[in-house]
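Q: sequence plus the predicted model coming up.
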Amino acid sequence: MPALSLRAQSSTDDPLQQSYTPPAKQGTILFYIQDIQRKTGINISYSSNFLHLNKKVQLNGTEHTTGAVFSTILQGTGIQTAALNGKIFLLRENSQIQYYTISGFVKEAGSNELIIGASIYDPITRKGTVSNAYGFYSLQVPDSCTSVVFSHVGYETVLQHLPPPDEGQLDIHMEIRNILQTVVVNGEKEAGTSQPGYINMPVGYVSSFPALLGEKDVLKSLQLYPGASSSLESSSNLLIRGGGSDQNLYLLDGVPLYHTGHLFGLFSIFNGDAVKDVSLYKDAFPARYGGRLSSVVDIRTKDGNMKEWHGSTTVSPVSASILLEGPIVKDKSSVSLSVRRSLVDALYGREWLKDYGKYYLYDVNFKLNQIINNRNRIYVSFYKGQDKMFIRSENPVIQLFDDYSFNWSNITAALKWTRVINPRIFSNTTATYSRFYNVFSQNSIIPLSFNDSLFVKGKGFSRVRDIAVRNETEYAISNAQHLSFGGGYTYHNFAPTAYSTNISAGEATKRQSPRYYMSEVTAYAEDELSLLNDRLIIRPGLHFGALVQSSSFYASAQPRLMMRWQLPHSQFIQASFSKMTQFVHQLTTPVINLPTDLWVPSTSNIKPEHAFSYSLAYQKQWGSQWRFNTNLYYKRLKDIVTTNTVLNIFDNSDLWEKKVIAGNGYNYGSELLVEKTQGKLTGIFSYTLSWAWRQFDRINGGKMYPYKEDRRHNLSLALKYRIKPNWNVSASWKFASGAPFTLPAQIFPDFDWGRNIQGYLDERYSPFSNSQVNYLPYIARLNNYRLHAVHHLDLGTTVYLGYKRRFQHVITAGVYNIYNRSNPFIVSFDQFSFFNFNEIYPLQLYQYSIFRTLPYLSYTFKF
Amino acid sequence: MCAVVLMGCEQQLPVPPNSAKPRTVVYSELIAGSQAEVRVGKSKPVAPGVDNQFDLVENATVQLMDKNGQILETLSYVRDPSNAMSVYKGKLILESAKNYKVQVLVPEMKPVTAMASIPPPFKVELTDTLRTLLNGRPVLRFHFDISPLPGVRQYLVMEALKQSVSLDTFFTYHGVRYHKAEHSDLYDQVKNDPSVTISKDSIFLNDYLRIPCYTQDENADNNQIGGLNENYNSILFTQMGRPLSTNFYINATALISSPAEAIAPVGRVLVYVKSVSKEYYDFLLTYEKVKRNPGLNSLIQAIQLRSNTTGGLGVVGGCYEKVYYLYYDTL
């Protein structure tokens, strides 16, 4: 712009020298412009594109000409004045584009629920950002930018004109797009933050597809995606890229959890009603996360409606749940409470379960959300989940020697303080408490002689207790550079196993149950850089973790790197590397996802576990409806721990270190995802081709063998079709290759049997072994055989009644495993038998299945 | 509820085909001061139609060699229908601190060889025995002091068996000795004849009962297998240059046989303290795990047995042992 040439004016008729007395010392730029125009009649020409008209300014009191006033009010804006033909022009300085920061919270209209993962971007340059886990965003926009788009697939897009109306935060309220149409957010992020190794599920997604017994399950929904699978049919055990379930970091409102299964893992502890947002990281881990090897599952619960009270209750033949949310003080504080309980004992206990025992579970989620001011907010959240189970020894189906009871619970609590330090810096500080507690008991009658027996009443418990404080800070230096950093401290108190009985120990040594008190310290920093006009995004980071005990000290620097190269037509290629370190180990008892799996720390003898993950991905999006991505990954596990025997939980073993060995793991594979997120027909198709190997020096002759969770093919197809606005049908088909199983290559005479040594006296070596066989297995290779594949087709439908009225009704029905497939749950070579030592009988494989065709029905009332 | 559904959906699956051939199974404990005794059997490939009946191998050639492969003797087959496996015995007295090789040739089977070194003599003292209680069970406690061998790692095994005894009655009539059970008619006729003399004899049978044993010792390698309050086939120690002073417990229920209960046979109790070869020790350690839980279902990781045989299955171990005989039953 020829700004300088416009200054060729004589001083006498120079509009900038015209006398002018401002009416006030304070006002907006617009106020003074309008006042000068009104009082002097001078025409002032400017563009609101680059002039922040609502900016408040203050005069010195010495300004008596128009030029002097402009000089003061435009100070620091990069705007110059020029006069020509009696007009004043407000012009931007040459080669200077001014940026300013807009920031605020993205909220749901009507409830003020904070929206996670909304895209905020300049529609011209497509540059933007995404709202964080607290709904906060910070974006620097050029003064030439006239509007910003706020977009989220679950909500109507908002086009916000700039500049914003005042200097404060720009909080945006987004209307729900279609309350009945659940959509997936992954494909929507036009700001380019979506990635193949990251899955984000918004509220409602978990109820989109058919579910076992109609129970909405967050973790099972994640299993629809590539790279995520389960260990058994319809288990909520989440396995990521060949890692064990103990390698997932589960965060509930930022609080780590150690056991996530109800009913031995058939259902997860995350109540679908209470959950607002679920994020799963499979690779390219942000530096703020650490402590587990394979994945991070970050689950956020609902904050509560700030405007009005709402609630819902759901009843099915197996469970009931209630959700209640609303404001305590409108627009200031809100609460959300959800409760879920199984009904099996109440409805069927008398006729059906009395012969077998008793079982129930419940969950309570509570959250309080208090806005202190527009920059500070406090959250208090609480969760308790409980399972209680009693199994009789004298039940008509399985002959047990003992009565067993299991009683396990999780309690978590969190106090969070989020603060907008300035429009570019957002900080959250969290204090958390997490406790997992499992009490189990066993009543046995052990015969000592023909007329004498020992009644043993044993009781054991294991416990994990964490108290932690953590800070995370995000600093948007510019649109091209986002810095995040923070740190934390966790006090761990582990009591892995303590067992006591009613019987006199006699000569037995009374041993103290093991206790571990540890400090874990973490710190991290990460810088996300957009280079080459946003074509290249690089995110280097470093996570540091240390475990301090009286007997050992371990420290680990874990570099992280993510690089993404944007290609034309919404395509990109991404590569990432992460080192992850896990200081705690899970020692598993035989059955998967028992609450009796013990968590133990690294000690002077047992080192921390490490994972080195590499991934290479390609993604293409078509509009905001379709997404395709493919991913190659390789993950090397080092010093992973496994038990070298079958642990007996009914033993007070502080000598667990002698029963574990460390080795290596190698997981690799490829993933493919096709996803349609909008329209009448939505769905997911995912396929994973994968390998998972383990290698321990003292197992399988030191050679690699397939990990028990190795599955060659995993395939999911889930579709939902909206027939009418208030009626949809859905179907899902899941397939997983057979699990590895060790089948003996040969059997040969038992060592004792071959020497005429019988062993029937006190034959109960352990709770798991009740029979004696006359053969030994010769195992050529571990996990050399595959069980049958697991697959099932499920159908479901949901009908919404009165959805435009105050009281709404939702009916959900469906059928699980519609073609009645018998999927393997347990396969045993030889039966769980009670043959005696000398009996001759054929040896076969026995497959036990749990679920055949199972219908479900539930009714939800909402207000 | 799960159990109901689970058991309601049991399904037998065919064992997959397997082209593997049976292997020769060899078990032997080469005990210093004793004659070599080798048990030979055959494995069965796990294939459709497999059962748990094992054939005897009566046509094997079993040779004892020195460590260089020089044949010391060929063992002879011992025909005894009470044996579950075919037994071959030698005449040579085995020596401690010596290496032996066992070779077993079975027609149409792969030859099997195994090396075993018999450990040198070791000093064990039984300083005390006591009837007591351990976690509510009646037990018999032995206190053993075992001296280390300088510079030698000892692999120690403690176990207890009860050997059945048969109480036989004999009578002598006109100078001829008759077995009462075989000549019961004659016995009934002449038993009141004053010239008849009646005698009783105890015959120890080839039939044993394994007595569960226990330890409370943190240094026992059983801690790699299970807990200190569990029972085991044997208690295992690796001794490295330090004296071992430990209590060894055996279940006392089996010490005395009660005819009314038939829990344990009438017999004598044998308590063994053995020093064994490393390979044999490794086998016993894994055998203990397998017996506790073989892991033959899909939820448990299977345990692989260690073996030192080449070409076959089983184990050939060297052993120097001290045996304590306890007589609680009236024989």
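A: Nice, thanks for sending it over. Numbering: from 1, shown residues only, chains lettered A, B, ... in the order given.

Q: all the strands of the stretch 451-600 of chain A, residue numbers only.
A: Secondary structure of the stretch 451-600 of chain A, counting by DSSP state E, counting those that start in this stretch: strands at A:453-478, A:481-501, A:516-531, A:536-548, A:553-567, A:571-582, A:584-587, A:598-601.

Q: relative to chain B, which of those is closest?
A: In terms of Cβ to the nearest Cβ, the element of the strands of the stretch 451-600 of chain A nearest to chain B is strand A:453-478, at 4.8 Å. In short, each C-beta sits where N, CA and C put it, glycine included.

Q: state the pLDDT value of residue A:176.
A: Residue A:176 carries a pLDDT score of 82 in this model.

Q: list the contacts for it?
A: Contact partners of residue A:176, counting by Cβ atoms under 8 Å, 6 or more residues apart in numbering or on different chains, are A:108-110, A:154-156.

Q: are any of these buried, and if so which?
A: In the contacts of residue A:176, burial by neighbour count holds for A:108, A:154-155, counting by 16 or more other Cβ atoms under 10 Å in any protein chain shown.

Q: filter the residues you listed down to the ones in strands?
A: Taking DSSP state E as the definition of strands, the buried ones among the contacts of residue A:176 contribute A:108, A:155.

Q: what would the buried ones among the contacts of residue A:176 look like in TSV with distance to residue A:669 and pLDDT?
A: TSV is the format used below for the buried ones among the contacts of residue A:176 (distance: Cβ to Cβ, whole Å; pLDDT from 0 to 100):
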residue	distance to residue A:669	pLDDT
A:108	38	87
A:154	31	76
A:155	35	84
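
Q: near chain B, from the buried ones among the contacts of residue A:176?
A: Among these, no residue is within reach of chain B (Cβ under 8 Å from any Cβ of the partner chain).

Q: next, format the strands of the stretch 451-600 of chain A as TSV and append mean pLDDT and mean neighbour count.
A: Converted to TSV, the strands of the stretch 451-600 of chain A look like this (pLDDT from 0 to 100; neighbours: other Cβ atoms under 10 Å in any protein chain shown):
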stretch	mean pLDDT	mean neighbour count
strand A:453-478	90	18
strand A:481-501	92	19
strand A:516-531	95	18
strand A:536-548	96	19
strand A:553-567	96	17
strand A:571-582	96	21
strand A:584-587	90	22
strand A:598-601	89	22
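
Q: compare these and give me the one nearest residue A:665.
A: strand A:571-582 (12.0 Å; Cβ to Cβ).

Q: with just CA atoms, put stretch B:22-40 into CSV.
A: Below are the C-alpha coordinates for stretch B:22-40, written out as CSV (Å, rounded to 0.1, in the frame of the first residue of the first chain):
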residue,chain,number,x,y,z
PRO,B,22,6.1,-92.5,19.1
ARG,B,23,9.3,-92.0,21.0
THR,B,24,11.1,-94.1,23.5
VAL,B,25,10.6,-93.0,27.0
VAL,B,26,13.5,-93.7,29.4
TYR,B,27,13.4,-93.1,33.2
SER,B,28,16.4,-93.9,35.3
GLU,B,29,17.8,-92.8,38.6
LEU,B,30,21.4,-94.1,38.7
ILE,B,31,22.0,-94.4,42.4
ALA,B,32,25.5,-94.7,43.8
GLY,B,33,26.0,-98.0,45.5
SER,B,34,23.1,-99.6,43.6
GLN,B,35,22.6,-101.5,40.4
ALA,B,36,21.4,-99.6,37.4
GLU,B,37,17.7,-99.8,36.9
VAL,B,38,16.1,-98.3,33.7
ARG,B,39,12.4,-98.0,32.9
VAL,B,40,11.5,-98.0,29.3
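
Q: list the buried ones in that stretch?
A: B:22-32, B:36-40.

Q: of all those, which two lie farthest apart?
A: For these, the farthest-apart pair by Cβ to Cβ is B:22 and B:32; their separation is 32.5 Å.

Q: in stretch A:53-63, what counts as buried?
A: A:55, A:57, A:59, A:63.

Q: correction: stretch A:601-610
A: Neighbour counts over stretch A:601-610 (16+ other Cβ under 10 Å) mark A:601-603, A:606-610 as buried.

Q: and of these, the nearest to chain B?
A: Ranked by distance to chain B (Cβ to the nearest Cβ), the buried residues of stretch A:601-610 are led by residue A:606 at 14.1 Å.

Q: can you read off the pLDDT for that closest one?
A: At residue A:606, the model reports a pLDDT of 92.

Q: can you map out the helices along the chain?
A: Since you didn't name a chain, this refers to chain A. All helices of chain A, identified by DSSP state H, fall at A:29-40, A:66-73, A:218-222, A:344-348, A:751-754.

Q: wrong one, chain B
A: Using DSSP H, the helices of chain B run over residues B:2-8, B:184-190, B:278-292.

Q: can you tell me which of those is packed in deepest?
A: For the helices of chain B, the largest average neighbour count (mean count of other Cβ atoms under 10 Å in any protein chain shown) is found in helix B:278-292, namely a mean of 22.

Q: which elements pack onto that helix?
A: Other elements packing on helix B:278-292 under the criterion 3 or more Cβ pairs under 8 Å, 6 or more residues apart in numbering or on different chains; DSSP states H and E are strand A:775-778, strand B:153-173, strand B:234-240, strand B:313-326.

Q: out of those strands, which comes closest to residue A:431?
A: When the helices and strands packed on helix B:278-292 are compared by Cβ to Cβ, strand B:234-240 sits nearest residue A:431, at 48.4 Å.

Q: mind listing what's buried in the closest one?
A: Quick answer for strand B:234-240 (16+ other Cβ under 10 Å): B:234-237, B:239.

Q: tell me how far the closest residue to residue B:281 other than its chain neighbours lies from chain A.
A: Counting by Cβ to Cβ, 6 or more residues apart in numbering or on different chains, residue B:281 lies nearest to residue B:155, which is 3.7 Å off, once chain neighbours are set aside. Counting by Cβ to the nearest Cβ, to the nearest Å, the gap from residue B:155 to chain A is 16 Å.

Q: neighbours around residue B:155, how many?
A: Residue B:155 is flanked by 24 other residues according to other Cβ atoms under 10 Å in any protein chain shown.

Q: that one pairs with what?
A: residue B:238, residue B:276 (DSSP bridges).

Q: ok, so what distance separates it from residue A:53?
A: 90 Å (Cβ to Cβ, to the nearest Å).

Q: cool, residue A:805 as well?
A: Separation of residue A:805 from residue A:53 (Cβ to Cβ): 44 Å.

Q: likewise for residue B:314?
A: Residue B:314 is 94 Å from residue A:53, by Cβ to Cβ.

Q: hang on, the earlier thing: mind putting the strands of the stretch 451-600 of chain A in CSV, distance to residue A:242 included?
A: Shown next, in CSV, are these (distance: least, Cβ to Cβ, whole Å):
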stretch, distance to residue A:242
strand A:453-478, 25
strand A:481-501, 26
strand A:516-531, 25
strand A:536-548, 22
strand A:553-567, 19
strand A:571-582, 14
strand A:584-587, 16
strand A:598-601, 21
